[in-house]
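In: What follows is a predicted protein model with its sequence.
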Amino acid sequence: MENIKGLKRTDYCGNLRISDESKEVTLFGWVQRQRDLGNLIFIDLRDKTGIVQLSFNDLTDRDTFKKAQSVRSEYVLAVTGTVKERESKNNDIPTGEIEITVNELRIISKSETPPFEIAKADEVGDETTLKYRYLSLRNEKLTKNIITRHKIAKIAREYFYANDFIEIETPMMIKSTPEGARDYVVPSRIHNGKFYALPQSPQIYKQLLMISGFDRYIQLARCFRDEDLRADRQPEFTQIDLEMSFVDTSDIMDIAEGFIKKLMKETVDIDIASPLPRMTFADAMNKYGSDKPDTRFDMLINDISEWAKTTDFPVFKNALSAGGSVKAIVAKNSADKYTRKKIDKLTDFVKGIGANGLAYIRWADETANCSFAKFLKNGELDTLISDLGAEKGDCIFIVSGGTSLSLSVVGALRLKVAKELDIIPENKWNYLWITEMPFFEYDEESGEWLAMHHPFTMPLEECIPYLETDKSKVRAEAFDLVLNGIELSSGSMRITDCELQNKMFELLGMSQEEISAKFGFLVNAYKYAAPPHGGMGIGLDRLAMLICSADSLRDVTAFPKVQNASELMSGAPSVIDDIQLDELGIEISGGKE
């Protein structure tokens, strides 16, 4: 193998253009492919910026030409040559107007035949590409995604620095405190039998920084949550974490909107209008059946409970008599798509997420076909169709039951139908603030009211009297930022009153001993005067996923975990030897795997 001694890179492969014609260049990169046409050899050379074509012909030095013949995919090369205009141009790549006529070629490193073709990595199963992640990251699409993620982080730092935020790192090994998900824990060798926790967020520390007087904090914080995975969730993730003192919710939203405007302009060249629209939690649930609504398409939820009261349909009557409601959506121009067989599949879908069934009206012919027509009196069907604004060619889907369940089921059905009808527009960026979040949510299994947020969230002032009398009326001074149906951020104003904070802990079922053990250091800090403050954490990973139009967080994470929280490439998590276990005072029950 040769080395690069005496060579210095002058350019990256993907940055060269026709304006560079006649320029002498030195390039380093990997071979995408080699094409040997006898008296002509073409090599596509790739680096993180893209691909450029190398050319070897009958004027090329014979030893260099023979060396080019030996080159195979994924070899690492160093070349020097001259930028020339291509005879046969390739409009599919930015460098397609030029090629490099090579006068020196060095083979720096040879490669075995890779387990898959790098250019087609996205056509290969995850099990293979994640095992060889260092190879799939060479794929142009993934490379661009990782670079875009870097650009988002760079823009975030530039923006917040320019707005007087101070970047402060908070500890990675902390005390375990309840924040909703399970903690990842780290055993201590020195303090045998005790454990650190990896932070689910820097929540407590950033509030302590406000008490310390650093009134504008920012951190690209690594966070860890031991929870089940899905496409938009990883056990370790990054959030653009911020906290501000002497502000209200509008101040925090304004700062976040400034960042979003800058980010969208500099990444996808989109001008986002501000202020961003705001919607209360109640309106979002009633109209979209979700606290993170996708507002890129209509198909709003209709409450038809008043109409349903007049019918003799037992399913509706039972739901209403139990204090529930009846909800409907109109799927425009869908009657030809939703045959009876496909509606049966929708019924299975809603049953799978908690509904008892799905009622429907399908207007494909002159007369609308209603699944519960025999329970309707003359004119009732026409009234409903008219009230909903439905027309021939439409379908109406109806779910009844407990109000919260009905809303969430219809919300999920709305998204499923929209995807099946392909009516969700692409290249549309619908940011939305969700405000006035409920402070508590009722758990039907336990019969108790549980906190929807971390215990430091401030209730709206007018709701404080209801904390002990009617938890259903308590709303939080909290807000979420949503983009195209994906939650990007949660934020809130924080409690700064010692007595109110203590009351909140008690309402969450904590004894004074438990409060002191878990949060005593924070409670004590508030005794020394705290400024009014609040903040939020913007999910950098999810933001990158959406900006890159990726299907999963895996596509914007360099070394992601799979659904069982393992990393296929390195084999993490793995067993550790008995010596390490003994030092930590840990015994594995059931033996090692």
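Out: Structure received.

In: What sits closest to residue 287 if chain neighbours are left out?
Out: Counting by Cβ to Cβ, 6 or more residues apart in numbering, residue 300 is the residue found nearest to residue 287 once chain neighbours are left out, at 5.0 Å. Every C-beta, even on glycine, is put in place using the N, C-alpha and C of the backbone.

In: swap that for residue 237, sorry
Out: residue 541 (4.9 Å).

In: same question, residue 391
Out: Per Cβ to Cβ, 6+ apart, closest to residue 391 is residue 363, 7.3 Å.

In: Just the pLDDT at the one you found, thanks.
Out: With respect to pLDDT, residue 363 has a value of 96.

In: Please name every helix or strand in contact with the helix or strand bottoming out on mean pLDDT in the chain.
Out: Every helix and strand of the chain was ranked by mean pLDDT, DSSP states H and E. The lowest is strand 448-451, at a mean of 77. Applying 3 or more Cβ pairs under 8 Å, 6 or more residues apart in numbering; DSSP states H and E, one finds that strand 448-451 contacts strand 440-443.

In: what about residue 21, neighbour count?
Out: 13 (other Cβ atoms under 10 Å).

In: contacting residues for it?
Out: Shown in contact with residue 21 (Cβ atoms under 8 Å, 6 or more residues apart in numbering): 83, 84, 85, 98.

In: Which strands or helices does the helix or strand that contains the second one pack on?
Out: Pointing back at residue 84 there. Assigned by DSSP states H and E, residue 84 belongs to strand 76-85. Where contact means 3+ Cβ pairs under 8 Å, 6+ apart, strand 76-85 is packed against strand 24-36, strand 41-47, strand 50-56, strand 98-109.

In: what about those strands, which gets the closest to residue 199?
Out: Comparing the helices and strands packed on strand 76-85 against residue 199 with Cβ to Cβ, the closest turns out to be strand 41-47 (36.1 Å).

In: Using CSV, write out every CA atom in the closest one.
Out: Taking Å, rounded to 0.1, in the frame of the first residue of the first chain, the C-alpha atoms of strand 41-47 are listed here in CSV:
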residue,chain,number,x,y,z
ILE,A,41,-11.2,3.6,-17.3
PHE,A,42,-13.6,5.7,-15.2
ILE,A,43,-13.6,5.7,-11.4
ASP,A,44,-16.2,7.4,-9.3
LEU,A,45,-14.4,8.8,-6.3
ARG,A,46,-16.5,9.6,-3.2
ASP,A,47,-15.9,11.6,0.0
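
In: ok, it: who's next to it in the sheet?
Out: Sheet pairing here is set by DSSP bridges, and for strand 41-47 it gives strand 24-36 (antiparallel), strand 50-56 (antiparallel).

In: orientation of that strand relative to strand 76-85 in degrees?
Out: Per axes from the mean of the first three to the mean of the last three Cα atoms, to 10 degrees, the angle that strand 41-47 makes with strand 76-85 is 110 degrees.

In: So what touches strand 41-47?
Out: 12-14, 27-35, 51-57, 65, 68-69, 71, 77, 79, 99-100, 138, 140.

In: hang on, the earlier thing: tabulate the helices and strands packed on strand 76-85 (TSV), appending mean neighbour count, mean pLDDT and distance to residue 286.
Out: Formatted as TSV, the helices and strands packed on strand 76-85 follow (neighbours: other Cβ atoms under 10 Å; pLDDT from 0 to 100; distance: least, Cβ to Cβ, whole Å):
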stretch	mean neighbour count	mean pLDDT	distance to residue 286
strand 24-36	18	97	53
strand 41-47	23	98	52
strand 50-56	23	97	48
strand 98-109	19	97	58
